[in-house]
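Peer 1: Fold the following.
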Amino acid sequence: MPATLAHAPIDAANKLECISYAPFRDNQTPLNPTVEVSAEQIREDLIEVARISRCIRTYSVDNGLDKVPELASQVGLKVFLGIWIGNNRFKNAQLVDTAVALSHKYPDSITAIIVGNEVLLHGDMTPSDLRSLLLSVKARVKVPVTYAETWDYWLRYREIQDAVDFVTIHVLPYWDDIPTRAENAAEQVAAIHKQVSLAFPGKEVLIGETGWPSMGRMREGALPSRINQARVISEILDVAKRDNFRVNLIEAFDASWKRYWEGTVGGYWGLFLADHRTLKFPPGIPISNYPLWKPLMGSGMILAILVFAVAWFSQRYKPWKPRLSSWMAVGVSATVAGVLLGIAIDKMTYESFGFAGWLRWSALLAASAAAPMLCANAMMSGRALPAFLELIGPRESRTQSFPTLILGVILMTIMVIATGAALGSVFDPRWQDLPFAALTMAAVPLATLSWLNRPLAGTRPIAETVFAGVFFFSALYIVFIEGIQNWQALWTSGAYILLGLSMVGVRSKEGVAQPESFISRARRAGIRNAGSNPNSRSAFADDTAPSSSATL
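Peer 2: Modelled structure (predicted):
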């Protein structure tokens, strides 16, 4: 549901103290030293930023950012000018010279110089070398000099305090080693500011980075969302005003290039959308996690109806009556798919990154949307979940049934993508998204079909057993490392368990006795006039007699 806060997090009548700014769009990235952002592009951004803030913080003076002080002065913005310090001393010296020259050329625009950003955290310099660099820059400029670092590293390396005019700390509750929930983030920022202030008496402590992401995976109880981002920013600004300290928010624009480093969540800390350069939270408009909820809900309703329609047409001309459990399974699958389709579409649009990302998540979404319909057809037609051998095994063992073939292709697509996601959550969990919605849409119908239409005989194939083992292990490990506060992880683990169970129920037809004939099964079920209209079959139905135990 849309949320209305006590006051807008962004208010043109009460501008922000300062906000981080990087001008990179589309495929531009500071990782590419040849990128040169044009003055016109920067000017367009600064005009928009000046509507909500009095100041911007930059991080470097290369890639065209040396134009920022002049352009900022034209729109009334002050600048905290950043110098990106790395482990290349020659490059560092060049950037320092540029920043010093800019501070002398634009004294009315540049109000402070930030020498280095999390240099100690990254291990690019020793504390003594950093202290020497800070003192050398301080001797060459007339504006205050500071260094920006995470708050815990400031407490660890207090010896550099005499080389700065004020202390600049980063407080990002989402990224804490023990993540803070959104509702507690503002008070956490205030508590850390107080702690650091006590450690550096006589020094102003500026919050150089703080904020909350609007998209991405949960970390324990820390949930990125549009509503949470707006709430956290609004509450941080309130506590900063209450406790009388300055805050620089991160950041002005969503930055897709950061997703190379930080995964999906890294690209969604901005107050402006990256593509349209428009505010996420215009004043006076309720904030919703799903602003397009009406078409998303409509698409889910259509999918649910299609699942029921496929099930009805599949059983209409069959000479046996499906069990109640089969209809219940179809109903559950249709409901789950209808409820989760909109969420899965929304997640796909912001979690997909690059061609490979779009291919991966769109394929999972398409397969997950098709799975309930194909499983409903198989459920009503008496077919079991196909083994992989029926698709890619020896020619004589491959299926001749088109519906079985399509279901098998969808099954393999889901298994391959789900396995990649599961292993990613085990070996690289910090950046791995949790596709709980799409996986659940597929897992529920696959698991119900696997167990309700389970063959009476046959052997469990090796490949399916391996997939099941991967899913079971991954599910347990994800819960262990993510914690029970992370409902996205718990939900995703539940989906992996269902996928594992669906694989456990698969049986290979190799070595299985021939099933009863179509007529004898019908007679044993007590159905009269079986097969009286052999030409009247559902377009989705198999041409073979049902071979599972679930149709009787």
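
Peer 1: got a list of what V37 touches?
Peer 2: Listed by CB atoms under 8 Å, 6 or more residues apart in numbering, the contact set of V37 reads 23-24, 28, 63-65, 67. Placement of C-beta: from N, CA and C, glycine included.

Peer 1: mind putting those residues in a markdown table, neighbour count and secondary structure included?
Peer 2: Below are these laid out as a markdown table (neighbours: other CB atoms under 10 Å; DSSP: H, G, I helix; E, B strand; the rest coil):
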| residue | neighbour count | secondary structure |
| --- | --- | --- |
| P23 | 26 | coil |
| F24 | 22 | coil |
| Q28 | 19 | coil |
| N63 | 21 | coil |
| G64 | 18 | coil |
| L65 | 24 | helix |
| K67 | 20 | helix |
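
Peer 1: want to throw those residues into JSON lines with distance to A50 and pLDDT?
Peer 2: Formatted as JSON lines, the contacts of V37 follow (distance: CB to CB, whole Å; pLDDT from 0 to 100):
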{"residue": "P23", "distance to A50": "14", "pLDDT": "96"}
{"residue": "F24", "distance to A50": "19", "pLDDT": "95"}
{"residue": "Q28", "distance to A50": "21", "pLDDT": "92"}
{"residue": "N63", "distance to A50": "21", "pLDDT": "95"}
{"residue": "G64", "distance to A50": "19", "pLDDT": "96"}
{"residue": "L65", "distance to A50": "17", "pLDDT": "97"}
{"residue": "K67", "distance to A50": "15", "pLDDT": "97"}
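
Peer 1: which of those lies closest to S109?
Peer 2: Closest approach between the contacts of V37 and S109, by CB to CB: K67, at 11.6 Å.

Peer 1: Which residue comes closest to that closest one once chain neighbours are left out?
Peer 2: Counting by CB to CB, 6 or more residues apart in numbering, the nearest residue to K67 once its immediate chain neighbours are dropped is A39, at 5.0 Å.

Peer 1: Any buried residues in stretch 345-354, and which?
Peer 2: 345-348, 350-353 (16 or more other CB atoms under 10 Å).

Peer 1: how near is the most centrally placed residue in the chain to G263?
Peer 2: Nearest to the geometric centre of the chain sits G216, at 3.1 Å (CA atoms, centre = their mean). With the distance defined as CB to CB, to the nearest Å, G216 ends up 7 Å from G263.

Peer 1: Overlap of the contact sets of the two?
Peer 2: Common neighbours of G216 and G263 (CB under 8 Å, 6+ apart) are D433.

Peer 1: thought S362 was touching T349?
Peer 2: No: using CB atoms under 8 Å, S362 is not in contact with T349; the gap is 9.7 Å.

Peer 1: Show me where the stretch 51-200 of the chain dips below the pLDDT cut-off.
Peer 2: For the stretch 51-200 of the chain, no stretch is flagged by pLDDT under 70.

Peer 1: ok, which stretches of it are strands?
Peer 2: 55-57, 78-83, 110-117, 145-150, 167-170 (DSSP state E, counting those that start in this stretch).

Peer 1: what comes up buried for the host helix or strand of A356?
Peer 2: In the assignment (DSSP states H and E), A356 maps to helix 354-381. Going by neighbour count (16+ other CB under 10 Å), the buried part of helix 354-381 is 360-361, 364-365, 367-381.

Peer 1: how distant is the helix or strand following that helix from the center of its chain?
Peer 2: Using DSSP H and E, the next helix or strand after helix 354-381 towards the C-terminus is helix 389-392. Here the centre of helix 389-392 is set off from its chain's centre by 34 Å, with CA atoms, centre = their mean, to the nearest Å.

Peer 1: R217 contacts D433, correct?
Peer 2: Yes: counting by CB under 8 Å, R217 does reach D433; the two are 5.3 Å apart.

Peer 1: Pick out whichever of the two has more residues nearby.
Peer 2: Using other CB atoms under 10 Å as the criterion, R217 and D433 rank with R217 on top: 26 against 23.

Peer 1: Which of the contacts of V37 lies at the shortest distance from A475?
Peer 2: When those are compared for distance to A475 (CB to CB), F24 comes out closest, at 37.9 Å.

Peer 1: Now for R217 and D433: what residues contact both?
Peer 2: Common contacts of R217 and D433 (CB under 8 Å, 6+ apart): 263-264.

Peer 1: export the strands of the stretch 51-200 of the chain to TSV and tack on mean neighbour count and distance to R181?
Peer 2: Listed next are the strands of the stretch 51-200 of the chain as TSV, based on neighbours: other CB atoms under 10 Å; distance: least, CB to CB, whole Å:
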stretch	mean neighbour count	distance to R181
strand 55-57	25	27
strand 78-83	26	30
strand 110-117	24	27
strand 145-150	24	20
strand 167-170	24	19
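
Peer 1: Take the ones you listed and lay them out in TSV including distance to P224.
Peer 2: Listed next are the strands of the stretch 51-200 of the chain as TSV, based on distance: least, CB to CB, whole Å:
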stretch	distance to P224
strand 55-57	22
strand 78-83	25
strand 110-117	22
strand 145-150	19
strand 167-170	18
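
Peer 1: do you know how far I305 is from N377?
Peer 2: Distance, I305 to N377, by CB to CB: 15 Å.

Peer 1: List the contacts of T404.
Peer 2: Counting by CB under 8 Å, 6+ apart, T404 has contacts 378, 383, 386, 390, 542.

Peer 1: Ranking by neighbours, what's the top pick from those residues?
Peer 2: A378 (30 neighbours).

Peer 1: Could you double-check that that one sits in contact with I406?
Peer 2: No: applying CB under 8 Å, one finds A378 not in contact with I406, separated by 10.0 Å.

Peer 1: and L206, what element?
Peer 2: strand 205-210.

Peer 1: Where do the helices of the stretch 251-400 of the chain begin and end?
Peer 2: Counting by DSSP state H, counting those that start in this stretch, the stretch 251-400 of the chain has helices at residues 259-262, 293-316, 324-351, 354-381, 389-392.
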